[in-house]
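A.B. asks: Below are the sequence and a predicted model for it; my questions follow.
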Amino acid sequence: AQSYYGCFDTTYAAITVFATPFADFDATPESQVFPDATIDLTNNSVAGTVSYSWDMDDGEELNGINPGTYTYDTWGVYDIELIVTNGFCSDTAWKSVEIIPPPPSVDFDVDTAGCAPLTIHFQSNSMYAAAYQWTFGDGGSSGVENPVYTYYQPGTYNVTLTVTGFDGFQTDSHVIEQAVTVYPVAIAAFTITPNEVSIPGQPIYTINLSQNATQYEWDFGDGSTSNDVNPLHYYQTEGYYDISLVAFNEWNCPDTFLIVDVVHAIAAGELD
């Protein structure tokens, strides 16, 4: 710097120019189907003394020039970021890799028989399924993974499960023929006559009105029982008595019918 009068002065300043790093890498394979989910990272960056920071886009961060391989826990599209810095200058590179959802695989097992109404806890053992559709063979259906379903009508039913994969398009289906057998329940019913008897000489007569039954258990309310179809019974003590009938069928599906205070036993004299 010089003044109008010829006076001057000089000063000096040092300027440092740092090299700008060049970030670059390969991530292979770019696409694969789960459960294959391991990629190879190859660092192609051009730089001097620098540090490397890798963001794998799944919440994990890596450091180092060559992480080597990395395995993702699940499927998705991941944008991998590499930042190369020497403390003053930096560069960033991105690459995308895709882990493709696997096709669904349907699996379930059921072989159940029982009396109506029959409630079944269905269990899906399917893999890689995002949606479920059950049909139970009697017109009923469910969209939950492990449904609980009740059959009310006797019969033999096919069960079908269709699953949809996480891509929303691929499906797999399986049907089990005659998977569920529902047996009919016996229907217990009766009447008695008369409703008032003189003891100890007058019996009551039972009229068995049961359906779909092969065996019977009568309880006359006084400690006496019978397995006859239409038993008659003599009461020995006066009072009111309940009578119950349990009817069984060939599939051991019982039903119980009870009439409360159906008989009034009255003490009466006897003539010899």
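C.D. replies: Yes, it's here. Numbers count the residues shown, from 1 in each chain.
A.B. asks: list the buried ones in stretch 208-221?
C.D. replies: Neighbour counts over stretch 208-221 (16 or more other CB atoms under 10 Å) mark 208, 210, 212, 213, 216, 218, 219, 220, 221 as buried. Backbone N, C-alpha and C define where each C-beta goes, glycine included.
A.B. asks: export the residues you listed to a markdown table and tack on distance to residue 9?
C.D. replies: As requested, those are exported to a markdown table (distance: CB to CB, whole Å):
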| residue | distance to residue 9 |
| --- | --- |
| 208 | 131 |
| 210 | 126 |
| 212 | 121 |
| 213 | 125 |
| 216 | 128 |
| 218 | 130 |
| 219 | 126 |
| 220 | 132 |
| 221 | 129 |
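A.B. asks: With respect to pLDDT, which of those ranks lowest?
C.D. replies: Among the buried residues of stretch 208-221, residue 212 carries the lowest pLDDT, at 93.
A.B. asks: pretty sure that residue is touching residue 251, no?
C.D. replies: No - assessed by CB atoms under 8 Å, residue 212 is found out of contact with residue 251, at 9.3 Å.
A.B. asks: joint contacts of the two?
C.D. replies: Common contacts of residue 212 and residue 251 (CB atoms under 8 Å, 6 or more residues apart in numbering): residue 184.
A.B. asks: And the most centrally placed residue in the chain, how far from residue 152?
C.D. replies: Taking CA atoms, centre = their mean, the centroid of the chain lies closest to residue 146, which sits 2.5 Å from it. Residue 146 sits 21 Å away from residue 152, going by CB to CB, to the nearest Å.
A.B. asks: got it, and residue 133?
C.D. replies: 21 Å.
A.B. asks: Settle it for me: which of these two has more neighbours?
C.D. replies: residue 133 (15 against 11; other CB atoms under 10 Å).
A.B. asks: Which residues are in contact with the more buried one?
C.D. replies: Counting by CB under 8 Å, 6+ apart, residue 133 touches 141, 142, 143, 161, 162, 163, 164.
A.B. asks: Pick out whichever of those residues sits closest to residue 35.
C.D. replies: residue 163 (17.2 Å; CB to CB).
A.B. asks: quick one: the strands in the stretch 101-250 of the chain?
C.D. replies: 112-115, 118-121, 131-135, 141-142, 148-151, 155-164, 171-183, 190-193, 196-199, 204-208, 215-219, 225-226, 232-233, 239-248 (DSSP state E, counting those that start in this stretch).
A.B. asks: Can you list the strands that the first one pairs with?
C.D. replies: Spelled out, it's strand 112-115. Here strand 112-115 is paired, per DSSP bridges, with strand 171-183 (parallel).
A.B. asks: okay, the partner strand in CSV with CA atoms only?
C.D. replies: Output in CSV follows, covering the C-alpha atoms of strand 171-183 (Å, rounded to 0.1, in the frame of the first residue of the first chain):
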residue,chain,number,x,y,z
THR,A,171,-51.1,-64.9,-2.7
ASP,A,172,-51.0,-68.5,-1.6
SER,A,173,-53.9,-70.7,-0.7
HIS,A,174,-54.5,-74.0,0.9
VAL,A,175,-57.7,-76.0,1.6
ILE,A,176,-58.1,-79.0,4.0
GLU,A,177,-60.9,-81.3,3.0
GLN,A,178,-63.2,-82.5,5.7
ALA,A,179,-61.2,-80.5,8.3
VAL,A,180,-64.0,-80.1,10.8
THR,A,181,-66.7,-82.6,11.8
VAL,A,182,-69.6,-81.3,13.9
TYR,A,183,-71.7,-84.0,15.6
